[in-house]
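Engineer: coords please:
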Amino acid sequence: MRSFFTPERIILILFGFLFGVVGDLFANWLVESNRLVIYGFFFLLAGVAILALRQELKPKHIETRVEAITLQSPLARYDNARKGLIVFVSYYKPVKIPPAERLSRETYLAAAKALDYETLQLEHSNLQPAIEAVITHASRLEHCWLISTVGRNGQEAGTHPYVDVLAHYLQEARQMKCQFHKGLEYAIPLDVDSEITLQTRNKINQIFQEAEKLGLHSEDMVADFTGGFRSMTLGLILACLPRNRDIQFAGTHYDANGNPGEDLFPILFNFEPKIQENP
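Structural biologist: Predicted coordinates:
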């Protein structure tokens with residue numbers, strides 16, 4: 001059950017009381033012959049205040065307006081491109097390379113450190129959705145934040161070793177001119193799920209604050225949660241609940257059995273909660 005004495009209602013009650021006291025003093029100050037006029041005026045104001053209070057006390061609920069935009073065509077991508085982008089970097093896996101042609105984990109890690117994206121064949125790996133997320137906004141993109149993961153106590157593990165080679169590939173092979181924000185300061189330590197969720201939310205909020213200092217407002221930004229895992233996804237979505245913080249993920253077409261196709265296209269979600277009165 002909701003408490004009647006919420007901060008908003010307490011403020012309204014105090015305001016009404018103070019308004020009555022001040023009004024009475026003001027009326028006494030006026031000439032005696034004008035008293036009835038003044039009292040009538042303040043009775044009118046009291047009526048307006050009561051109506052406003054009744055409106056405030058009406059039962060309300062929150063409805064969320066959601067708009068989904070499929071960024072599949074070049075025109076849709078151009079019209080909805082953003083200046084700022086937040087992307088999760090997944091742990092590298094060669095998903096479209098035949099098993100017989102795959103290399104060892106150590107070889108892939110060495111290639112990442114050497115910025116050798118040709119050996120990694122990034123477009124045939126699970127980093128392809130991150131690549132697609134970035135180039136979707138190429139026409140306007142100025143700043144891109146790459147969010148990775150590290151082991152506990154800042155150990156070099158998780159997805160952090162693949163951030164530099166991904167940025168190098170996007171700059172050299174895909175001719176991206178935006179500034180990439182990356183490094184350990186944008187890495188989420190791998191720990192229990194609850195802490196990962198909270199740290200991700202805090203990191204996303206921090207990035208939006210950084211973006212403001214760079215001249216990018218919330219409506220200039222979009223956060224992609226295709227990569228990462230459930231705890232990071234939840235943290236990102238919680239951080240993007242405020243108005244004008246849009247999110248996106250890589251969509252695809254499915255067959256009759258629910259199997260995903262190979263074509264990828266980001267889907268942008270714009271949502272805004274609104275308070276509505278109960279009927």
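Engineer: just give the nearest non-adjacent residue to the spatially most central residue of the chain, would you?
Structural biologist: Note on the chain: the residue nearest the mean C-alpha position is residue 240, at 2.8 Å, using CA atoms, centre = their mean. With CB to CB, 6 or more residues apart in numbering as the criterion, residue 240 has its nearest non-adjacent residue at 5.1 Å, and that residue is residue 247. For glycine as for every other residue, the C-beta is placed from the backbone atoms N, C-alpha and C.
Engineer: got the phi and psi for the one you found?
Structural biologist: Main-chain torsions, residue 247, degrees, to the nearest 10: phi -130, psi 160.
Engineer: any idea how far residue 271 is from it?
Structural biologist: Taking CB to CB, to the nearest Å as the measure, residue 247 falls 8 Å from residue 271.
Engineer: which helices and strands does the helix or strand harbouring residue 250 pack with?
Structural biologist: In this assignment (DSSP states H and E), residue 250 forms part of strand 246-251. Judged by 3 or more CB pairs under 8 Å, 6 or more residues apart in numbering; DSSP states H and E, the packing partners of strand 246-251 are helix 128-136, strand 221-224, strand 265-277.
Engineer: of these, flag the one that's most buried.
Structural biologist: Highest mean neighbour count among the helices and strands packed on strand 246-251 (mean count of other CB atoms under 10 Å): strand 221-224, with a mean of 26.
Engineer: break this protein into its domains for me.
Structural biologist: 7-57, 63-277 (automatic domain parsing).
Engineer: buried ones in stretch 189-201?
Structural biologist: Using 16 or more other CB atoms under 10 Å as the test for burial, stretch 189-201 gives 189, 190, 196, 197, 199, 200, 201.
Engineer: who are the contact partners of the closest residue to residue 93 other than its chain neighbours?
Structural biologist: By the measure of CB to CB, 6+ apart, the closest residue to residue 93 outside its immediate chain neighbours is residue 126, 4.6 Å from it. Residue 126 sits next to 90, 91, 92, 93, 95, 227 when contact means CB atoms under 8 Å, 6 or more residues apart in numbering.
Engineer: returning to what we had before: ok, of the buried residues of stretch 189-201, which one's closest to residue 77?
Structural biologist: residue 200 (26.5 Å; CB to CB).
Engineer: residue 137: how many residues sit nearby?
Structural biologist: Residues near residue 137, counting by other CB atoms under 10 Å, number 26.
Engineer: equivalent analysis for residue 230, please.
Structural biologist: Residue 230, neighbours per other CB under 10 Å, totals 11.
Engineer: for it, list the residues it contacts.
Structural biologist: For residue 230, counting by CB under 8 Å, 6+ apart, the contacting residues are residue 193.
Engineer: how close does it get to residue 236?
Structural biologist: The gap separating residue 230 from residue 236 is 11 Å, by CB to CB.
Engineer: got it, and residue 252?
Structural biologist: According to CB to CB, residue 252 stands 20 Å off from residue 236.
Engineer: who's more crowded, those two?
Structural biologist: Using other CB under 10 Å as the criterion, residue 252 and residue 236 rank with residue 236 on top: 23 against 13.
Engineer: which SS state does that one fall under?
Structural biologist: In three-state terms, and counting by DSSP: H, G, I helix; E, B strand; the rest coil, residue 236 is helix.
Engineer: just checking, it touches residue 226?
Structural biologist: No - counting by CB atoms under 8 Å, residue 236 does not reach residue 226; the two are 10.5 Å apart.
Engineer: between these two, what contacts are shared?
Structural biologist: Between them, residue 236 and residue 226 share these contacting residues under CB under 8 Å, 6+ apart: residue 88.
Engineer: the helices in the stretch 101-250 of the chain, which residues?
Structural biologist: Ranges of helices in the stretch 101-250 of the chain, per DSSP state H, counting those that start in this stretch, are 105-113, 117-120, 128-136, 163-172, 193-213, 230-239.
Engineer: check contacts around the nearest residue to residue 111 once chain neighbours are set aside.
Structural biologist: Spatially, and ignoring its direct neighbours in sequence, residue 111 is nearest to residue 119 (4.0 Å; CB to CB, 6+ apart). Shown in contact with residue 119 (CB under 8 Å, 6+ apart): 103, 107, 108, 111.
Engineer: could you do residue 121 as well?
Structural biologist: Taking CB under 8 Å, 6+ apart as the test, what residue 121 contacts is 94, 96, 97.
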